[in-house]
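1. pasting the structure only:
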């Protein structure tokens, strides 16, 4: 049975932030992740909301800065925050860029040999849910009720994970996501490195491509918020591409621009209550 | 006229976190501080709630981690977060300890020549309010309505600032404060260094001493929360000393122990809404 070792615990809003370390088979290294258990987890099963973080983050940024635990406690939803890439493997050049390698897994399964351990897509959609289901820590978690959200690179990850696994995730949301990475410098750099030069292979990890061609019968609703003062808005994020894709396929997506907000956790914290309410409503069904 | 230069601005909950730099006369160096302006500051005057931070912190920890802006926005209160000591003076040994010198001003006016720039008491009770009143940034702030709170070393600072200036502060609260620094290792080290060996001189900076002997006619109400799992509780914080002092002089103080919480910002965030409501109620009078 897969296990995870608890490495810290902090009480917050009547529940607990618990940080774990485990040996990841997908990634070939030790990984940390944090789970916020709401007070309701002490006396029954609670649904799970995964949060995928952005470039340079690990599993702690969201837990420390978002203030999401307040609404998660009120709504009885567990938050699961994984790290953003393998770490400590010593791959040549892995820490040279802030937007590629360590802290920048882009939630893909790399096909290029050098980056073969970069399998964050498999990690967040398969290995981590299975670990949560099997490990002792998972006992209060109702893993059959799961949703996913994220920020920036992790917003991209959440959209891709959700759109490719509509049976696994009941709702999807994102703050400032990279909506069309095939056409954004961050995405082109990451996909070239992890997936190689064949641009067709990139489309499986592009939310706008996935949504445009979506044919599934189950369509987890999507909510996206981006700040109008986000310095990455035009070149990297491109929410208009996602909105166009939703219109093209009739996908249920709400894509909003929030006046004056930037790319920071100050923005996330301002709207995280709404996102948690959105997910909690769908998780309660 | 005293001025401060804005060095960053981030929108949050409809208001703005604005960080400033200015030349401090009290401390003899450049200082940074952050003000959260709630949405109501865009159209009228708002009262001011100072937050004094703990050991090792600067003006950003509270702003990034506490989640206090949410309630401050809702209640129309500005938050003012100063730094915790002079910085960059190059005093020999100033950065050797995490609990003395840089990041550890203890909100006293030092009397020992080597630490003559450590005048954080004067800075937070006089220079900073005067700066806020005179600088352009101060225009939406109603500095005649002010309250003060803080954490750990800053909880001590808030209690001392409030108890010594009952005309300046309408209410006082603290998370995990050092309640009786004359009898706690952190306090003894800091007071010996900044104030010298005469223990009588320390009492002016000890909340329990001040409250025990309080004779003023105006008594700003006090609210204190400390976590029962705080590893500093018994040796450093001693809330029981403050409670005894309140009982001795009939001071209106609510001193609570919160089951299972520790010394971290996870604890602060869990109760910050209650503290802001407490202050907002008194600031509205």
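-> Thanks, I have it. Bear in mind that the values here come from a model prediction, so they are computed numbers and not experimental data.

2. and chain A, which residues reach chain B?
-> Residues of chain A lying close to chain B (C-beta under 8 Å from any C-beta of the partner chain) are A:10-14, A:17, A:64-65, A:67, A:69-70, A:227, A:229, A:260-262, A:264-267, A:269-270. In short, each C-beta sits where N, CA and C put it, glycine included.

3. what about 6 Å?
-> A:10-13, A:64-65, A:67, A:260-262, A:264, A:266, A:270 (C-beta under 6 Å from any C-beta of the partner chain).

4. Tell me if residue A:169 really is in a helix.
-> No: with DSSP: H, G, I helix; E, B strand; the rest coil as the criterion, residue A:169 is coil rather than part of a helix.

5. pretty sure it is in contact with residue A:219, am I right?
-> No: using C-beta atoms under 6 Å, residue A:169 makes no contact with residue A:219, being 11.0 Å away.

6. For residue A:162, which non-adjacent residue is closest in space?
-> Once flanking residues are discounted, residue A:162 sits nearest to residue A:172: 3.4 Å by C-beta to C-beta, 6 or more residues apart in numbering or on different chains.

7. okay but the one you found is in contact with residue A:219, surely?
-> No: if you go by C-beta under 6 Å, residue A:172 and residue A:219 don't touch, sitting 9.8 Å apart.

8. Now the stretch 101-250 of chain A against chain B: closest residue?
-> Proximity of the stretch 101-250 of chain A to chain B (C-beta to the nearest C-beta) peaks at residue A:229, 7.1 Å away.

9. can you pull the pLDDT of that residue?
-> The per-residue pLDDT reported for residue A:229 equals 98.

10. residue contacts, it?
-> Applying C-beta atoms under 6 Å, 6 or more residues apart in numbering or on different chains, one finds that residue A:229 lies in contact with A:260, A:262.

11. Assign a three-state SS to it, would you?
-> coil.

12. Quickly note the distance from it to residue A:263.
-> Going from residue A:229 to residue A:263 by C-beta to C-beta, to the nearest Å gives 9 Å.

13. Repeat that for residue A:23.
-> Applying C-beta to C-beta, the value for residue A:23 to residue A:263 is 33 Å.

14. So for the residue nearest to residue A:162, what's the pLDDT?
-> 98.

15. got it, and residue A:107?
-> Model confidence at residue A:107 (pLDDT) stands at 98.

16. Ok, the one 3 residues further on next?
-> The predicted structure scores residue A:110 at 98 on the pLDDT scale.

17. Count residues in the vicinity of it, would you?
-> Neighbourhood size, residue A:110 [other C-beta atoms under 10 Å in any protein chain shown]: 21.

18. how about the residue of the stretch 51-200 of chain A found nearest chain B, what does it touch?
-> Residue nearest to chain B within the stretch 51-200 of chain A: residue A:67 (3.7 Å; C-beta to the nearest C-beta). When contacts are counted by C-beta under 6 Å, 6+ apart, residue A:67 is found next to A:269, B:67.

19. one more time with 10 Å
-> A:12-13, A:265, A:268-270, A:272-273, B:65-70, B:269, B:272 (C-beta atoms under 10 Å, 6 or more residues apart in numbering or on different chains).

20. Output the below-cut-off pLDDT ranges for the stretch 1-150 of chain A.
-> Scanning the stretch 1-150 of chain A for pLDDT under 70 picks out the ranges A:1-2, A:136-138.

21. Perfect, I'm done here.
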